[in-house]
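Q: just a sequence and a predicted model for now, questions to come.
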Amino acid sequence: MTKTLIVIGVIVLIVLAVGGQYIGVRNTLVAKNEAVKASWSQVDIVLQRRADLIPNLVETVKGYAQQEVTVFGDIAKARSALLSAGNPTDKIAANQQLDGALGRLLLIVENYPQLKSNENFLRLQDELAGTENRIAVERKRYNDTLQDYNTYIQQFPANIYANWAGFKPNNAYFAASEGSREVPKVNFAPSSTTAAPQPAPAK
């Protein structure tokens, strides 16, 4: 009888220890997962801000470069995909497409000297550059938070308890596309060469 009680007591202690550890790990996982969500929310805010700037930027450029229909179409398509994306993975993919289209838009500005001196375009380009910098900051914070979560969830014994609690690794890292790791630099200095006649600004 005494041995039986000892065995039962040991089992109870083990169950309590495992249960306590499980609760502790689960609470930590909940906190880290919520931190990832909060960090992504900040990324989403700055992505939305950039998306809001794009229509005015495109309309300004159209006044001087109406023939650049392919770039305008690519931007519209990527922006629509970004705004309709329902999860971080889809938004990140759409954002990479938008990065490339925006890069091409700002590069073609070099062909339109009148546009490069347009006050509205200069203001929008400055706002876009500031937003891009903010995206870079929030993207790093999000990736760091996500990495912390993923590291913890794969460590022993957290990986066992995470499996019990239904937590899984999250691989939705936000990586900038190769062509957009820097905001395209536009040279606003007057061109030293004779430019081809430019279309008149749209009224």
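A: Thanks, I have the structure now.
Q: what about the helices in this protein?
A: Remark: helices assigned in the chain by DSSP state H are 2-62, 69-84, 88-108, 113-116, 119-153, 158-165.
Q: turn those helices into CSV, columns for distance to Ala172, mean neighbour count and mean pLDDT.
A: Glycine gets a C-beta too; all of them are placed from N, C-alpha and C. As requested, the helices of the chain are arranged in CSV below (distance: least, C-beta to C-beta, whole Å; neighbours: other C-beta atoms under 10 Å; pLDDT from 0 to 100):
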stretch, distance to Ala172, mean neighbour count, mean pLDDT
helix 2-62, 8, 14, 89
helix 69-84, 15, 16, 93
helix 88-108, 4, 19, 91
helix 113-116, 37, 18, 85
helix 119-153, 7, 17, 94
helix 158-165, 17, 16, 92
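Q: Ala129 and Arg141: what is the separation?
A: Going from Ala129 to Arg141 by C-beta to C-beta, to the nearest Å gives 19 Å.
Q: what does Trp164 give?
A: Using C-beta to C-beta, one obtains 29 Å as the distance from Trp164 to Arg141.
Q: now swap in Ala76 and tell me
A: Going from Ala76 to Arg141 by C-beta to C-beta gives 30 Å.
Q: same question, Leu105
A: From Leu105 to Arg141 the distance is 27 Å (C-beta to C-beta).
Q: now do Gln114
A: Gln114 is 40 Å from Arg141, by C-beta to C-beta.
Q: cool, and Arg50?
A: When C-beta to C-beta is the yardstick, Arg50 and Arg141 sit 17 Å from each other.
Q: now do Gly73
A: Where Arg141 is concerned, Gly73 sits at a distance of 33 Å (C-beta to C-beta).
Q: got a list of what Arg104 touches?
A: Neighbouring residues of Arg104 by C-beta atoms under 8 Å, 6 or more residues apart in numbering: Val71, Asp74.
Q: again, only this time at 7 Å
A: Counting by C-beta atoms under 7 Å, 6 or more residues apart in numbering, Arg104 touches Val71.
Q: please apply the same query to Asn95.
A: Leu47, Leu82.
Q: residue with max distance from the center of this protein?
A: Met1 (63.6 Å; C-alpha atoms, centre = their mean).
Q: state the distance from it to Leu13.
A: The gap separating Met1 from Leu13 is 19 Å, by C-beta to C-beta.
Q: excluding its backbone neighbours, what's nearest Tyr149?
A: Lys32 (4.3 Å; C-beta to C-beta, 6 or more residues apart in numbering).
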